[in-house]
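Asks: Need a 3D model of the sequence below.
(chains A, B, C and D)
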There are 4 protein chains.
Amino acid sequence: MNYGPETEVLIAGLREDVARLHSELTRYGLIAWTSGNVSARIPGRELFVIKPSGVRYDDLGPENMILCDFDGEVITETPGSDRQPSSDTAAHAYIYRNMPQVGGVVHTHSTYATAWATRGEEIPCVITAMADEFGGPVPVGPFAVIGDDSIGVGVVKTLTGHRSRAVLMQNHGVFTIGRDATDAVKAAVMVEDVARTVHVARQLGDPLPLPQESIDALFSRYQNVYGQAPEGALQ
Amino acid sequence: MNYGPETEVLIAGLREDVARLHSELTRYGLIAWTSGNVSARIPGRELFVIKPSGVRYDDLGPENMILCDFDGEVITETPGSDRQPSSDTAAHAYIYRNMPQVGGVVHTHSTYATAWATRGEEIPCVITAMADEFGGPVPVGPFAVIGDDSIGVGVVKTLTGHRSRAVLMQNHGVFTIGRDATDAVKAAVMVEDVARTVHVARQLGDPLPLPQESIDALFSRYQNVYGQAPEGALQ
Amino acid sequence: MNYGPETEVLIAGLREDVARLHSELTRYGLIAWTSGNVSARIPGRELFVIKPSGVRYDDLGPENMILCDFDGEVITETPGSDRQPSSDTAAHAYIYRNMPQVGGVVHTHSTYATAWATRGEEIPCVITAMADEFGGPVPVGPFAVIGDDSIGVGVVKTLTGHRSRAVLMQNHGVFTIGRDATDAVKAAVMVEDVARTVHVARQLGDPLPLPQESIDALFSRYQNVYGQAPEGALQ
Amino acid sequence: MNYGPETEVLIAGLREDVARLHSELTRYGLIAWTSGNVSARIPGRELFVIKPSGVRYDDLGPENMILCDFDGEVITETPGSDRQPSSDTAAHAYIYRNMPQVGGVVHTHSTYATAWATRGEEIPCVITAMADEFGGPVPVGPFAVIGDDSIGVGVVKTLTGHRSRAVLMQNHGVFTIGRDATDAVKAAVMVEDVARTVHVARQLGDPLPLPQESIDALFSRYQNVYGQAPEGALQ
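Replies: Residues are numbered from 1 along each chain as shown, chains lettered A, B, ... in the order given. Predicted coordinates:
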């Protein structure tokens, strides 16, 4: 399969990004063994790159990343296509199919986010970094098991129209979305960070509430001003 | 002692595996100082390779690993045989002797798993990763002290016929078994991960239950579909 | 812009210090992604060096640090001036403007310090290391959002006349000050360390109180005797 | 000062040991910034080697370690003697003076051990690794502040005739002793490990008790059998 030089360059770059970004999941302690995955949409195509299933992170080179279509099917005769893609591939595919503004998806079982998910409890927005990054509470998505589209449906349903780029899937773990794969990885890092901080705060008493108008002001500023290359919010 | 070229190649490879796998225990923070051990069965022989006793992990090369028989006796005139094997060797030997399907054994005192063991409380199966990996709760084994076969007996009795590859030995630590040493190390990493996540979940309330039918479906799928080289469950 | 050879040498050295000190924040796990910043005053000038906004720590070389004046404005035509400075630059500028004895400022959202800040609760002085380093409890500053001088005002108001070099900004995070940037980073490391230790102590009961006279004696000794180059207290 | 070739070789070796062992404190996260110290007795001499005060661990080479006598005075005209020794030197000196069997001393403020110390609560012996290593509970020593011999007195009084090589100094931190500096560092690593595990166990309920006869049997075995070079217990 050849998609023409322009797309092939895009694919090669995203294979590198996706391979490299898995090391960020390790660096921040978000994953144990092989339990997390990152994918990236190929802009302008109904294709995405995702990691193979059950492979150790030390073995993740760009050439092992797998190119899939939006049904989650592996594109044959491309590098890595002799392997099985991540067992969460169907969920990633469903998200790309239904959220055209999403350029990257991450899934982890990071400890504190998963703990909130296991109680089926949203993370209340009580710290300014959460208002910046997620614009309010991080919501809980439905319980859904692997095997059909129900995880993808749950992610899309929960995040559509929501400020948060992260969803706590009940009794399972966390999915994050972003403009691109880096942005989704950032959301995965930040959701674990705030999940832990709010957990620790709650252990010894009640967090003070953040006024809604401050949450709104912080989210708006962060989407528009922060960083070197201001962009609009994801949604 | 020479077991013929084929077996000698197997032994050499497993010496390397066992030496290298100890670094995974360090990487995931499962051990302090020298308090953990990994062993691997030599396929087709009543022999296994295990680490020496009380030696720092930085000093663990393949040539220092020790070859033992199924009574836990060191095979003389083989590399490393001038050292004492791990003080848990008798337990490893008992497990290999009584569980022919086991190719690798790991023992650690990892923090969260040992905390559950210290309360004598099984880890309830409330997250999908636990259903995948252990097929239900992680059980508690009896209190037993080093010196005879009682630790090995307790591990074998608890894990025989159980889906879990991990057992929490009361007031002590965790033993895991696997198809091979890597699989047993994976179980050691995952049991600490789920022990921590369920602990954190419980600190602020009650985890939601996982339906038994979902646990069964997840376990069955994971044993049969997940990863690059599908294999049957251990038991 | 050229400030003469003597000042230019100072600026070059402080660019290196500030770039390097960010790696201490990473090393001690005080920051996730890009959520922390360090700055250093140029002695004898109304200038300071601070990190750029939203840039990953791996990309922080001396040449990317940004030189600002005490209104928080970037000095044009200096290295790094094509970038936006940290979004907390206004707070750093306000502190330098109003606390002439301060040579370095650090801001983080480190987990345990932020947890105390989220409950609006000062950290009680119950361990000798806290008496040494902070001379008493670590105080809480007001809730204030980014956008004007209110964060800087809150930091200065809380720390003026206070022994502590750290302030817990309510629902937000921690600011620390120091004789220089290294001293402020040390305070950031130590405040998280004591925030965590006192949190853990409180989880299972009540810390024993430290007598006020011991706190006073420890703080006095530490300011005057400890280390290789005894100096007076910051304030 | 020259102590003759034999002693000079011993001193040079112990300078290297002490310098290197500080990196173990960092590796296990027992210290923040410069808040820990290791020393080693020069066998057969009333001398010991200790780290300098307030110096970062990255700067700790053998040549910077400081040789002191049993009054805690720096031996002039030896390498490192232009620096101040650790501010805890008087406590180390007192321990060597009064416990002739001790060859190494370590002091840290490691988080979980210090938390128990802050509540003035001994760590109950509820895990087999604690019985092995400490032979029972880890005791609490008196509250004492730096400046005279009171810390040393408290350590010696608490540990004399006690199986434990670790003492929790109230509201302060932990001191450990050993046959040599490595053994004392091992005790510092293990006391934090068991302090954390028992803390975590207690967070969700009551640890099961360990029978006293099992504690005795485990301690006896560990002192006599474990490791490559069996030696008698410290005391």
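
Asks: where's the closest residue to A:Pro79 other than its chain neighbours relative to chain D, distance?
Replies: Computed as Cβ to Cβ, 6 or more residues apart in numbering or on different chains, the closest residue to A:Pro79 that is not its neighbour in sequence is A:Glu63, at 4.7 Å. Where C-beta positions appear, they are placed from N, C-alpha and C, glycine not excepted. Distance, A:Glu63 to chain D, by Cβ to the nearest Cβ, to the nearest Å: 34 Å.

Asks: Surely A:Glu63 is in contact with A:Thr78?
Replies: No - A:Glu63 is not in contact with A:Thr78 according to Cβ atoms under 8 Å; the separation is 10.0 Å.

Asks: before we move on, back to that, can I take it that the residue nearest to A:Pro79 is in a strand?
Replies: No - per DSSP: H, G, I helix; E, B strand; the rest coil, A:Glu63 lies outside any strand segment and is helix.

Asks: what's it in contact with, if anything?
Replies: A:Glu63 makes contacts with A:Arg15, A:Pro79, A:Gly80, as judged by Cβ atoms under 8 Å, 6 or more residues apart in numbering or on different chains.

Asks: Could you give the number of residues near the last one?
Replies: For A:Gly80, the neighbour count with other Cβ atoms under 10 Å in any protein chain shown is 20.

Asks: what's the answer for the second one, then?
Replies: By the measure other Cβ under 10 Å, the count of residues near A:Pro79 is 16.

Asks: Give me the pLDDT value at it.
Replies: Per-residue confidence (pLDDT) for A:Pro79: 92.

Asks: Which parts of chain A are helices?
Replies: Under the criterion DSSP state H, helices of chain A are mapped to A:5-27, A:89-98, A:111-119, A:128-134, A:150-159, A:181-203, A:212-224.

Asks: Close to chain C: what parts of chain A are there?
Replies: Taking Cβ under 8 Å from any Cβ of the partner chain as the contact definition, chain A meets chain C at A:28, A:126-129, A:186, A:189-190, A:192-193, A:196-198, A:200-201, A:203-208, A:210, A:214, A:217-218, A:221, A:225-228.

Asks: Give me the buried entries from the residues you listed.
Replies: Neighbour counting with 16 or more other Cβ atoms under 10 Å in any protein chain shown marks A:28, A:126-129, A:186, A:189-190, A:192-193, A:196-198, A:200-201, A:203, A:207-208, A:210, A:214, A:218, A:221, A:226 as buried within the residues of chain A next to chain C.

Asks: Same list, these, but only the ones touching chain B.
Replies: Among these, the residues lying close to chain B (Cβ under 8 Å from any Cβ) are A:Gln203.

Asks: Below-threshold pLDDT in chain A: ranges please.
Replies: Residues of chain A meeting the criterion pLDDT under 70: A:1, A:225-235.

Asks: ok, now how distant is the residue of chain A found nearest chain D from A:Phe134?
Replies: Closest approach between chain A and chain D, counting by Cβ to the nearest Cβ: A:Gln203, at 9.2 Å. Relative to A:Phe134, A:Gln203 is positioned 21 Å away (Cβ to Cβ, to the nearest Å).

Asks: And A:Leu204, by the same measure?
Replies: In terms of Cβ to Cβ, A:Leu204 sits 23 Å off from A:Phe134.

Asks: Next: A:Ala166.
Replies: As judged by Cβ to Cβ, A:Ala166 and A:Phe134 stand 6 Å apart.

Asks: more crowded one of the two?
Replies: When A:Ala166 and A:Phe134 are compared for neighbours, A:Ala166 comes out ahead with 29 against 25, by other Cβ under 10 Å.

Asks: Who are the contact partners of the closest residue to that one other than its chain neighbours?
Replies: Leaving out its chain neighbours, the residue that sits closest to A:Ala166 by Cβ to Cβ, 6+ apart is A:Val191, at 4.0 Å. Contact analysis of A:Val191 by Cβ under 8 Å, 6+ apart lists A:Ser110, A:Ala113, A:Ile123, A:Glu133, A:Phe134, A:Val138, A:Ala166, A:Val174, A:Thr176.
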